[in-house]
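> Provided below are the primary sequence and the corresponding predicted coordinates.
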Amino acid sequence: MVERELVEYIVRSLVDYPDQVELNVIEGEKSVIIELRVSPDDIGKVIGKQGRIARALRTILSATANKSGKHTSLEILD
Amino acid sequence: MTREFEGKTEQEAIKMAIEELHIEREDFDVEVIDNGKRGLFKRENVKIRVHVDSTEEPEDYSFSDTADDTYEEEEEEETLEADEEFEASVCSFLEGVVSHMGYTCTAKVTSRKGRKVNVEIESESSNIIIGRKGKNLDALQVLANVYAGKTDNERKIIVDSEGYRVRHEEQVVRSAYRIAQQVRKTGRSRLLEPMNPYERRLVHTALNDVTGIETKSEGTGLFKQVRIISTREHR
């Protein structure tokens, strides 16, 4: 899945512990939820001050060419 | 050049733009500033901004000289030496993000100034890379800076495509001058649209030299609004 690979690529590039990046895709009828889990030390790197990085990730996600036409949302779990 | 139009619907506003500017629909981009929706049943006029690609300047901006001065003042620090390995890794990160988004592009460093490294993204899909109001470009820049910060905390990456940032900066400053003039004339304060800290600073410094008005930021968070206030005595 394109969106999953996109998030995985970006997040692995940004964090200090790329091998601890876990993604879980929940696919619904009309939307897709990507759940993201990273090392507790890296959580700041994917959320950022006032959620800036998380917002940037979601913006990029929404600009991604998707063929399925489903809305993709990103949830960061801790 | 940009102009704003208002109509009952977006189509109507576009039609007005075509008639008034004597141009074809293909010759300009439309940005909806206000979709007119006020709750479920209330509707007001739709406001659009029309961007026309034209080389000639439609108006003479008498203040532009002072604006240029404030641009120049900003950078006095020495430009950091180019770090090729660092730059190559940032560019390939950006190319990787864009290709995972499903578009092709090339990213390269175009210039360096002070601590800033300017990266230009060239792509057939640059309209998507830029996004509405530069939203996607800003997001790419945030990510590029987090990535860059891992190896080098000194440098700041500025991501641009098709000269969008320069064009946008000029537009922000220009409209600020225009509104400042109105405030001076009418004595009524005006609130500009929400802007990020960098854009707000541009407005504050640009209007610093304009007499009869002062500027103030309002609101909380990253995107505050600048208010332009007349300093003349209230009648």
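All right, it came through fine.
> longest single helix anywhere in chain B?
Determined from DSSP state H, the single longest helix within chain B is helix B:164-186.
> Now do it: which elements does it pack against?
Applying 3 or more CB pairs under 8 Å, 6 or more residues apart in numbering or on different chains; DSSP states H and E, we find helix B:164-186 packed against strand B:190-191, helix B:197-207, strand B:213-218, strand B:225-230. Backbone N, C-alpha and C define where each C-beta goes, glycine included.
> Looking at those, spot the one closest to chain A.
Set against chain A and scored by CB to the nearest CB, the helices and strands packed on helix B:164-186 come closest in helix B:197-207, at 11.8 Å.
> remind me which residues of the chain are low pLDDT?
Here I'm looking at chain A. Applying pLDDT under 70 to chain A flags residues A:67.
> Chain B was what I was after
For chain B, the ranges with pLDDT under 70 are B:39-41, B:53-76, B:233-235.
> Would you mind naming what in it lies close to chain A?
B:93, B:96-97, B:100-103, B:128, B:131, B:135-136, B:138-140, B:142-143, B:146-147, B:150, B:221-222 (CB under 8 Å from any CB of the partner chain).
> Just the buried subset of those, please.
B:93, B:96-97, B:100-103, B:128, B:131, B:135-136, B:138-140, B:142-143, B:146-147 (16 or more other CB atoms under 10 Å in any protein chain shown).
> Quick one: the helices in the chain, in order.
Picking chain A for this. A:2-14, A:43-47, A:52-62.
> please go with chain B instead
Under DSSP H, chain B gives helices at B:10-21, B:64-73, B:84-100, B:126-130, B:135-151, B:164-186, B:197-207.
> What's the nearest residue in chain B when you look at chain A?
Taking CB to the nearest CB, chain B has residue B:102 as its residue nearest chain A, at 3.4 Å.
> quick one, what contacts residue 18?
I went with chain A, as the question did not name one. A:11-12 (CB atoms under 8 Å, 6 or more residues apart in numbering or on different chains).
> try again with chain B
Residue B:18 sits next to B:24-25 when contact means CB under 8 Å, 6+ apart.
> now the spatially most central residue of chain B, nearest residue through space, not along the chain?
With distances taken as CA atoms, centre = their mean, the residue of chain B nearest its centroid is residue B:168 (3.4 Å). Closest residue to residue B:168 apart from its sequence neighbours, by CB to CB, 6 or more residues apart in numbering or on different chains: residue B:134 at 6.1 Å.
> tell me the contacts of the one you found?
Applying CB under 8 Å, 6+ apart, the residues near residue B:134 are B:164-165, B:168.
> Look up how far residue B:182 lies from it.
25 Å (CB to CB, to the nearest Å).
> Also residue B:173?
15 Å.
> which of these two has more neighbours?
Set residue B:173 next to residue B:182 and count neighbours by other CB atoms under 10 Å in any protein chain shown: residue B:173 wins out with 23 against 15.
> isn't the more buried one right up against residue B:201?
No: contact between residue B:173 and residue B:201 fails when scored by CB atoms under 8 Å: they sit 11.0 Å apart.
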